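1. next input, structure requested:
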Amino acid sequence: MDRFQAMQVFTRVVDANSFTQAADSLGLPRTTVTTTIQNLEKHLQVRLLNRTTRKLSLTTDGAAYYERCQRILADLEDAEAAFRDVARVPRGRLRIDVPPSIGRRILIPSLCDFHSRNPEVELVIGMSDRPVDMVREAVDCVIRVGDLQDSSLVARRIGTFQCLTCAAPAYLERFGEPRDLEDLQLNHHSVHYFSGRTGRTIEWEFVVDGESTEVKMRGCVSVNDADAYLTCGLQGFGLIQAPGYMVMEHLASGALKRVLASLQPSPMPISVVYQHNRHLSPKVRAFVDWVAELFSGCPLLSGCRPDIDCNAAGRPGPNTLRSVIEEEYKLAEAMF
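-> The predicted structure is shown next:
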């Protein structure tokens, strides 16, 4: 029995909590993984895992052995990394997951640049807003909006976006423009966006005098996809709050109009997230560095520009919203 391989298989089974998913991530038949664990238990003369038809759990001996295996494998990785060529070419399959709106508008149009720099990396791109279990699903890194919840992961901030409150002209003709938050809540309705994980509607919020103020909006339609959300806004189903990179072309064309420009939601961080590892693999490092460079060059992912905010009287400044949006659009097109 190859004890080193057995340790790798065992730790992967524990991390994935599944023989099948561990086998898939290691590129081994499931029967090989099962046999390896059985032989390891026979060699150690202890039971490492409790198995049922629905789940796996570590025994006391298994938990102790798992911690030792983690340290041994990490030390081996350290020893090998000390002698590797740090400039070696990134290669292999890289699996990532990104929000659909960011994937379609920002990432996909620039992939040729990443491929030209890293021709031996095969990208596997999932596009979803759902939480991804990076260990179980063998995902190398994800791009996510908002604060990182899982402390076992590493998040590198690559950008920030500011949501804008907008409506279609057809909606504004029927209901008029909201004057303030009280008018907004009493006399207007929005397109609802709900979490695909919890099913809960995400409430609107604005920063007022430095404090976050939540506004519960009425609505007649709810979606959990960013592009569907934008489309409903364009159709006049209600007001929407969407990031600038999604609505800029529609603001420039007049298909949407910004409202309540003097009141803004809190800016949202955009991060590339990956598993904690003392030695990041070359393919992951190459993608993380590339996507950070990509986002840093996009003016629409650094928050709202000061010159498109309204002044204290609530009137547009010397640069009109339309002209500035058109300028931003040209800059974004030049990137791609």
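2. just give the number of residues close to Cys141.
-> Counted by other Cβ atoms under 10 Å, the residues lying close to Cys141 total 26. All C-beta spots, glycine's among them, are computed from the backbone N, C-alpha and C.
3. quick one: contacts for it?
-> Applying Cβ atoms under 8 Å, 6 or more residues apart in numbering, one finds that Cys141 lies in contact with 94, 96, 134, 272-274, 284, 287-288.
4. what bridges to it?
-> Here Cys141 sits in beta bridges with Ile96, Tyr274, going by DSSP bridges.
5. state the distance from it to Val291.
-> As defined by Cβ to Cβ, to the nearest Å, Cys141 lies at a distance of 9 Å from Val291.
6. between the two, what contacts are shared?
-> Listed contacts common to Cys141 and Val291 are Val272; contacts here mean Cβ under 8 Å, 6+ apart.
7. where does the prediction get shaky in the stretch 51-200 of the chain?
-> For the stretch 51-200 of the chain, the stretches flagged by pLDDT under 70 are 78-79, 81-87, 148-151, 197.
8. apply 50 and report the result again.
-> Across the stretch 51-200 of the chain, the stretches falling below the confidence threshold (pLDDT under 50) are 85.
9. just the strands in it please.
-> The residue ranges that make up the strands of the stretch 51-200 of the chain, judged by DSSP state E, counting those that start in this stretch, are 56-58, 92-98, 121-127, 141-145, 153-161, 163-167, 192-193.
10. among these, which is nearest Thr20?
-> Across the strands of the stretch 51-200 of the chain, the minimum distance to Thr20, taken as Cβ to Cβ, is reached by strand 56-58, at 11.0 Å.
11. what residues does the residue nearest to Arg285 when sequence neighbours are not counted make contact with?
-> For Arg285, the nearest residue in space outside its immediate sequence neighbours is Pro90; the separation is 7.4 Å by Cβ to Cβ, 6 or more residues apart in numbering. Under the criterion of Cβ under 8 Å, 6+ apart, the neighbours of Pro90 are 118, 120-121, 281-283, 285-286.
12. same thing but 6 Å
-> Residues touching Pro90, when contacts are defined by Cβ atoms under 6 Å, 6 or more residues apart in numbering, comprise 118, 121, 282-283, 286.
13. ditto for Gly196
-> Applying Cβ under 6 Å, 6+ apart to Gly196 gives the contacts 130, 224.
14. from what I can see Asp97 touches Glu137, true?
-> No - distance between Asp97 and Glu137: 8.2 Å, which falls outside the contact criterion (Cβ atoms under 6 Å).
15. those two: which is more packed in?
-> Of the pair Asp97 and Glu137, Asp97 is the one with more neighbours under other Cβ under 10 Å, namely 23 against 15.
16. how near is that one to Ala63?
-> Asp97 sits 30 Å away from Ala63, taking Cβ to Cβ as the criterion.
17. repeat for Ala6
-> As judged by Cβ to Cβ, Ala6 and Ala63 stand 17 Å apart.
18. which non-adjacent residue is nearest Asp147?
-> In space, and not counting its chain neighbours, Asp147 is closest to Pro269: 6.8 Å by Cβ to Cβ, 6+ apart.
19. and that neighbour, which helix or strand is it part of?
-> When elements are defined using DSSP states H and E, Pro269 is found to belong to strand 268-275.
20. let me know the secondary structure of Ile37.
-> Three-state assignment for Ile37 (DSSP: H, G, I helix; E, B strand; the rest coil): helix.
21. same question but for Tyr229, I mixed them up
-> Of the three states, Tyr229 takes helix according to three-state DSSP.
22. contacts only, for it.
-> With Cβ under 6 Å, 6+ apart as the criterion, the residues that contact Tyr229 are 191, 193, 223.
23. got the angle between the helix or strand hosting Ala292 and strand 92-98?
-> Secondary-structure assignment from DSSP H and E places Ala292 in helix 282-296. For helix 282-296 against strand 92-98, the angle between stretch directions is 40 degrees (axes from the mean of the first three to the mean of the last three Cα atoms, to 10 degrees).
24. domain-wise, how is the protein divided?
-> According to automatic domain parsing, the chain is divided into the following domains: 3-81, 92-160+269-300, 163-266+305-335.
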